[in-house]
Every structure is written in C-alpha cells, then in structure tokens.
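Asks: Sequence first, then the predicted structure, then my questions.
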Amino acid sequence: MKWDIITVTFNSSAQLQANWNWFREWSDRINWIVVDNASGDDTAQVATLLGARVIQNSRNLGFGAGCNQGFWSSTSPFVLFANPDLRIKPEDLELLESTRSEEHTSELQSRQYLVCRL
C-alpha cells in the first residue's frame, strides 16, 4: 500500500534531521508531505533534502490549516499525520494497514482513509 505522511512544521529543522533520515529508503511506498508554516530556519530546505514534497506558506497559518493543506494535497489511500519529532518505523505502517476495518476508516472523495492516532 502507498501512504501519504503529512507533517506540519514551524522551525523544525533539528527535529526533521533527527527523526526523518530513514525516509529515502521507503520513498517508493511513502509520499511525505511537509507543510511549512513560514519557518525562520532551514526547515523547508532540510525537508526537501530528506525527500519530502514541501508546501511553503508565506505566513504561519496554524497547525489545523497546515493539516488541511497537506490532506487536500494527498493522493494515497492511507494518510497519516505525524509531528516532526515523531520517530516512525516503516514496518509500523504495515501493522497499521493490517489492523484496518470499517470502524476505523472513513470515506472522502471516493477514497478510504485509515484514521491513525499516534
């Protein structure tokens, strides 16, 4: 399965470097979308170097708006919202896929989403 992982950032360069260096190895199965809320550091550049598709806001729109931006730009059947400091093991995504059921999914625009709370 293909995943979209959405990360909303603000001055999160150090967290991305510490927690997302695994991403390139799994980029064939994961689209990583980073929504940067006008960081004053090099967050957007670091995310790009790590392999993320970056949406750069010219001002801080807030966490909720950033989540919405990322969600509406996603295309995969599975969407996960992950903070910059979250350490994800890609094999955990496989476990999440295996636990999906009707009660944990919702339909939006003819796509099925697994709702994950980490």
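Replies: Structure's in. What do you need? Numbering: from 1, shown residues only.

Asks: what are the phi and psi values for the closest residue to residue 40 other than its chain neighbours?
Replies: Nearest residue to residue 40 in three dimensions, chain neighbours excluded: residue 11, at 5.9 Å (CB to CB, 6 or more residues apart in numbering). Just so you know, the C-beta spots here come from the backbone N, C-alpha and C atoms, and that holds for glycine as well. Main-chain dihedrals, residue 11, degrees, to the nearest 10: phi 50, psi 50.

Asks: Residue 11: neighbouring residues, count only.
Replies: 16 (other CB atoms under 10 Å).

Asks: Can you pull the poorly scored residue ranges out of the protein?
Replies: Applying pLDDT under 70 to the chain flags residues 1, 100-118.

Asks: Apply 80 and report the result again.
Replies: For the chain, the stretches with pLDDT under 80 are 1, 89-91, 93-94, 96-118.

Asks: re the thing from before, who are the contact partners of the residue nearest to residue 40?
Replies: Contact analysis of residue 11 by CB atoms under 8 Å, 6 or more residues apart in numbering lists 39, 40, 41, 43.

Asks: one more time with 10 Å
Replies: Going by CB atoms under 10 Å, 6 or more residues apart in numbering, residue 11 touches 36, 37, 38, 39, 40, 41, 42, 43, 60, 84.

Asks: swap in residue 56?
Replies: So residue 56 contacts 9, 34, 35, 36, 37, 38, 39, 43, 44, 47, 48 (CB under 10 Å, 6+ apart).

Asks: Let's see that with 8 Å instead.
Replies: Neighbour list for residue 56: 36, 38, 44 [criterion: CB under 8 Å, 6+ apart].

Asks: Residue 57 is in contact with the second one, correct?
Replies: Yes. Taking CB atoms under 8 Å as the contact criterion, residue 38 and residue 57 are neighbours in contact, 5.4 Å apart.

Asks: Neighbour count for the two, which is higher?
Replies: When neighbours are counted by other CB under 10 Å, residue 38 and residue 57 differ, and residue 57 comes out ahead with 18 against 15.

Asks: Am I right that the more buried one is in contact with residue 36?
Replies: Yes. Counting by CB under 8 Å, residue 36 is a contact partner of residue 57 at 6.5 Å.
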